[in-house]
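Engineer: Build the 3D model from these lines:
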Amino acid sequence: MKRLLVCVDGSAYSQVCCRYAAWFAQRAGYAVEGVYVSDVWQYETSFLSDLSGSLGIQPYEAMLTQLEAVEEQKSKSLETAQRALLKQEGYGGTLTFHHRTGSVVATLSEFEEGPEGVSLLMMGKRGEGSNLETEHLGATMERLVRASTQPCIVTPRAYAPPQRALLAYDGSPSANKALHWLVQANGFKDLALHLVTVARQAGDAAGGRLQEGEGILRAGGWKPVCQVLSGEPGDAIAGYVTQEGVDFLIMGAYGHSAMRRLIIGSTTTDLIRRCHVPVMLFR
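Structural biologist: Numbering: from 1, shown residues only. Model prediction:
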């Protein structure tokens, strides 16, 4: 069975992420795993290291032990909360929960490596500091998305079971991965699917790309609503999401056109911030 790894913390975004995980796992047949990472900076900051010199090594070690105990208790609380949320949303499968201490990116690599590695990563777009920095995306989220070799779903603050999906298609290898994933995703065929591409200028081959993508989807049993948009990709897609009531955005993370910046740079940050819907990214 494919494995879905959900990154959890103590934020409201994490709770919503767990609810989306239940929705997705039930439709796609994924086993859910949760992971909470206690970042090493809490134990290796220069401030704590300086304390070891002024207080002596024994009090310093006692402080580290106390911090580790707090993190372990927090992990248990997060596991209990995740189990309750999954059950509340009707997920009947098992949950495997992990607590790690160390680098978030290194932990992700651990779970992705090997033939039995996770095949999908899910996380909230902000973390525990979201109440203090409401206009900024979470730094952990950005690091994980950049480092992941598997598809990622970034979830918003509020939960709403998706009914209308949008595939932003530019013909790139990553967008084609998203396209073929949809063809094989039988559990999502009840969603209304929109297929759009963006033409930035006259003479753009957007119409041909769209027709090619539509043919593949129709052969796979989808009946997409197809549309060529114009303008800057970020603005065009964000506007379409709002106008059409889209509640699940799917796109390639690294394309070979103007849309390649949708995952790296200001366009991506702006798009994920403005679109208050889950965003599924393929590399």
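
Engineer: Strands along the stretch 101-250 of the chain, start to end?
Structural biologist: Listed in chain order, the strands of the stretch 101-250 of the chain (DSSP state E, counting those that start in this stretch) span 120-124, 152-155, 164-168, 192-199, 225-230, 248-252.

Engineer: Report the rounded mean pLDDT for the first one.
Structural biologist: This means strand 120-124. For strand 120-124, mean pLDDT rounds to 95.

Engineer: Can you work out which other helices and strands pack against it?
Structural biologist: Applying 3 or more C-beta pairs under 8 Å, 6 or more residues apart in numbering; DSSP states H and E, one finds that strand 120-124 makes contact with strand 3-7, helix 12-28, helix 139-147, strand 152-155. Any C-beta I mention is one placed from the backbone N, CA and C, and that applies to glycine too.

Engineer: related to what we said a few turns ago, is it possible to export the strands of the stretch 101-250 of the chain to CSV including distance to residue 83?
Structural biologist: Shown next, in CSV, are the strands of the stretch 101-250 of the chain (distance: least, C-beta to C-beta, whole Å):
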stretch, distance to residue 83
strand 120-124, 16
strand 152-155, 18
strand 164-168, 28
strand 192-199, 32
strand 225-230, 38
strand 248-252, 25
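
Engineer: Reformat those strands as a markdown table; add mean neighbour count and distance to residue 180.
Structural biologist: Output for the strands of the stretch 101-250 of the chain, formatted as a markdown table (neighbours: other C-beta atoms under 10 Å; distance: least, C-beta to C-beta, whole Å):
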| stretch | mean neighbour count | distance to residue 180 |
| --- | --- | --- |
| strand 120-124 | 26 | 15 |
| strand 152-155 | 25 | 17 |
| strand 164-168 | 23 | 11 |
| strand 192-199 | 22 | 13 |
| strand 225-230 | 15 | 17 |
| strand 248-252 | 26 | 11 |
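
Engineer: out of those, which comes closest to residue 140?
Structural biologist: Closest to residue 140 of the strands of the stretch 101-250 of the chain is strand 120-124 (C-beta to C-beta; 7.5 Å).

Engineer: Direction included, what does the closest one pair against?
Structural biologist: Strand pairing for strand 120-124, using DSSP bridges, gives strand 3-7 (parallel), strand 152-155 (parallel).

Engineer: could you redo these as JSON lines and give each row distance to residue 72?
Structural biologist: Converted to JSON lines, the strands paired with strand 120-124 look like this (distance: least, C-beta to C-beta, whole Å):
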{"stretch": "strand 3-7", "distance to residue 72": "18"}
{"stretch": "strand 152-155", "distance to residue 72": "26"}
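
Engineer: Enumerate every residue touching residue 148.
Structural biologist: The contact partners of residue 148, taken as C-beta atoms under 8 Å, 6 or more residues apart in numbering, are 108, 112, 121, 283.

Engineer: and it, what are its phi and psi?
Structural biologist: Phi and psi for residue 148, reported as degrees, to the nearest 10, are phi -70, psi 140.

Engineer: Equivalent analysis for residue 38, please.
Structural biologist: Backbone torsions for residue 38, taken as degrees, to the nearest 10, come to phi -80, psi 110.

Engineer: What is the neighbour count of it?
Structural biologist: Residues within reach of residue 38, counting by other C-beta atoms under 10 Å, total 20.

Engineer: can you check residue 88 too?
Structural biologist: Here the number of neighbours of residue 88 (other C-beta under 10 Å) works out to 11.

Engineer: Surely residue 283 and residue 177 touch.
Structural biologist: Yes. Judged on C-beta atoms under 8 Å, residue 283 makes contact with residue 177 at a distance of 7.4 Å.
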